[in-house]
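S.K.: Mind looking at a prediction? Sequence and model below.
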Amino acid sequence: MVIVGAGPIGLAAIWTARLFSPLCVIVVEKADGRLRAATQLGADIVVKPDDDVLKVVRSVTDGLGADVVLEAVGVPASFELCLTLVRPGGRVANIGVHGKPATLHLEELWIRDITITTGLVDTYSIPTLLRMVAAGRIDTANMITHRFPLGDIMRAYDAFSQPGQTGTLKVALSRG
């Protein structure tokens, strides 16, 4: 499995992917702090997008590519990277929020039988995840690095928008 992007969405994807016991989780991210966080949350291999990501993925998949690739950035370049990393018959799940169009290269994809899924947050799994947290089967302590009162939401967003300056940031808001 490959996860492109280790912001809050990508980090949560690493965390929940482990529930399905993938053989290897590879994370692609350019920010060093987020790469460290990805490792702490269970990524087996971390790589920067400027490195030869395809070579890394092929080296651990017998040259085929990843069974599943998650796009968690929301920019055209990361979506297109995902399409190069997925194996024939594989799946690309777009979980990033896109603000610009991304090109779908059907002239290259048609023969590879790739499934692409998109969608908003699926709340179907939330009750199960909450039961797992309550039972102590999922440790959420490392998912929060900063706490802000709800009244400081703008300050929280400012800190959240500058991951390079604040380190790896995962924010929890409280009413207090």
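M.R.: Received, thanks.
S.K.: Next, Ala12: phi, psi?
M.R.: Phi and psi for Ala12, reported as degrees, to the nearest 10, are phi -60, psi -30.
S.K.: Residue ranges in the chain under the pLDDT threshold?
M.R.: Counting by pLDDT under 70, the low-confidence segments of the chain come to 162-176.
S.K.: just the strands in it please.
M.R.: 2-4, 26-28, 45-47, 66-71, 86-94, 115-118, 146-149, 171-174 (DSSP state E).
S.K.: Quick one: closest of the ones you listed to Gly136.
M.R.: Between Gly136 and these, the tightest spacing by C-beta to C-beta is seen for strand 171-174, at 18.5 Å. Glycine gets a C-beta too; all of them are placed from N, C-alpha and C.
S.K.: coming back round to it: please convert the strands of the chain to JSON lines, extending it with mean neighbour count and distance to Leu35.
M.R.: Converted to JSON lines, these look like this (neighbours: other C-beta atoms under 10 Å; distance: least, C-beta to C-beta, whole Å):
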{"stretch": "strand 2-4", "mean neighbour count": "29", "distance to Leu35": "12"}
{"stretch": "strand 26-28", "mean neighbour count": "28", "distance to Leu35": "7"}
{"stretch": "strand 45-47", "mean neighbour count": "19", "distance to Leu35": "4"}
{"stretch": "strand 66-71", "mean neighbour count": "24", "distance to Leu35": "16"}
{"stretch": "strand 86-94", "mean neighbour count": "18", "distance to Leu35": "21"}
{"stretch": "strand 115-118", "mean neighbour count": "12", "distance to Leu35": "26"}
{"stretch": "strand 146-149", "mean neighbour count": "14", "distance to Leu35": "19"}
{"stretch": "strand 171-174", "mean neighbour count": "14", "distance to Leu35": "19"}
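S.K.: Please dump those strands into a markdown table; it should also carry distance to Val57 for every row.
M.R.: Formatted as a markdown table, the strands of the chain follow (distance: least, C-beta to C-beta, whole Å):
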| stretch | distance to Val57 |
| --- | --- |
| strand 2-4 | 6 |
| strand 26-28 | 6 |
| strand 45-47 | 9 |
| strand 66-71 | 6 |
| strand 86-94 | 9 |
| strand 115-118 | 17 |
| strand 146-149 | 33 |
| strand 171-174 | 31 |
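S.K.: wait, which of the ones you listed is closest to Arg137?
M.R.: That would be, of the strands of the chain and by C-beta to C-beta, strand 171-174, which comes in at 19.9 Å.
S.K.: Surely Ile114 is in contact with Ala93?
M.R.: No: when contacts are counted by C-beta atoms under 8 Å, Ile114 is not listed as touching Ala93 (11.2 Å).
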